[in-house]
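> make a model of this:
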Amino acid sequence: MVHTHCLQAGKLFNVDGWVCLVTGGGTGIGLMNAQALAANGAKVYITGRRFEVLENAAREHSPNEGKGEIIPIGPCDVTDKDSLQSLVTDLSSREKHLNVLICNAGISGPKADPGVSDSASAIAQELWSKESFDDWSSVFTTNVSSVYFTTVAFLPLLQACSKSEPHPDQEGHSSHMAGNVIVISSMSGIMRNAQKHFSYNASKGATVHLTKLMSTEFEKTGIRVNSIAPGYFPSEMTTGESDEKNKSELSDEKVKGHGHKVPAERAGHDEEMAMATLFLARDRYVNGSVICVDGGVLGVVPGN
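Residues are numbered from 1 along each chain as shown. Alright, predicted model coming up:
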């Protein structure tokens, strides 16, 4: 039996002393993930290709109180196995285990509009001329293959959590737990609309399914794998830029201009992404799930 006081939010979602890693953690949703964990006591390593961006994110957003911190590590190109191995070696020299791995790095790819005409010839010309095999390969390498190889590379450190100091459960009993992986996919991988970028949406659909595959195949290690499928959140991908604090702004007007209804009528907030991050990080009874944080979009556009 759990006593009522054990169900306080601060106890349920406490990650005090945890070790975490976020790829693409210097801006956008990755930075939101990092902030959420660090604000609640975790030591959060962030990596990416632009080390100066990581340094600025750590400087601007490490918590002012508590034990949590944001630490740049790398740089790392998650599409390169040698670079990933160097990252594993570096982190292993600093930490004995990894509680949470967040695979967030991604790219949007080319855009081509199948809505240009009702003519099959016109549609074919639009898509044929504005996309290439190289474009598709690049998008899938970053959005799908890198998630797989990043997770595989860190499996030993993630499993090592079960051999680390036990974590007390809600009644104070010692409890060992393996690490867990949170894959940042997208609502675009669930809907049937191409949104003018077939390659991106197809890749995110693959990322959603990859999450389910890994959750099943890695279950015997004790490692959980889940996914957050965001809707419209401010990031360099959705706005094209970041400010001096590595943050982006996505106006309500731009969100409403995507050609379909967004029931929330706005972009998602940092706090809303943080809630999903902490839920998946802490709830050990959830594995292989995809949590949509999309402002209700998937309820009104064609999906499953």
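> what about the chain, any weak spots by pLDDT?
Scanning the chain for pLDDT under 70 picks out 164-176, 257-258, 304.
> please enumerate the strands of it.
Using DSSP state E, the strands of the chain run over 19-23, 43-47, 69-72, 100-103, 167-168, 174-175, 180-184, 224-230, 290-293.
> got JSON lines for those, with distance to Gly115 too?
(C-beta placed from N, C-alpha, C; glycine too.) Output for these, formatted as JSON lines (distance: least, C-beta to C-beta, whole Å):
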{"stretch": "strand 19-23", "distance to Gly115": "33"}
{"stretch": "strand 43-47", "distance to Gly115": "38"}
{"stretch": "strand 69-72", "distance to Gly115": "41"}
{"stretch": "strand 100-103", "distance to Gly115": "32"}
{"stretch": "strand 167-168", "distance to Gly115": "51"}
{"stretch": "strand 174-175", "distance to Gly115": "53"}
{"stretch": "strand 180-184", "distance to Gly115": "27"}
{"stretch": "strand 224-230", "distance to Gly115": "24"}
{"stretch": "strand 290-293", "distance to Gly115": "24"}
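> can you tell me which of those strands comes nearest to Gln8?
When the strands of the chain are compared by C-beta to C-beta, strand 167-168 sits nearest Gln8, at 14.3 Å.
> go ahead and confirm Pro110 touches Ser199.
Yes - using C-beta atoms under 8 Å, Pro110 is in contact with Ser199, at 6.6 Å.
> so what sits against both of the two?
Glu131, Asp135 (C-beta atoms under 8 Å, 6 or more residues apart in numbering).
> who has more neighbours, those two?
A direct count of neighbours by other C-beta atoms under 10 Å for Pro110 and Ser199 places Ser199 higher, at 23 against 18.
> measure the residue positioned nearest the centre of the chain to Leu157 for me?
Residue closest to the mean C-alpha point of the chain, counted by C-alpha atoms, centre = their mean, is Ile184 at 2.9 Å. To Leu157, Ile184 is 20 Å away according to C-beta to C-beta, to the nearest Å.
> mind listing what's buried along stretch 9-28?
By 16 or more other C-beta atoms under 10 Å, the buried positions in stretch 9-28 come out as 13-15, 18-28.
> so how far is that stretch from its chain's centroid?
Centroid displacement of stretch 9-28 relative to its chain, using C-alpha atoms, centre = their mean, to the nearest Å, is 12 Å.
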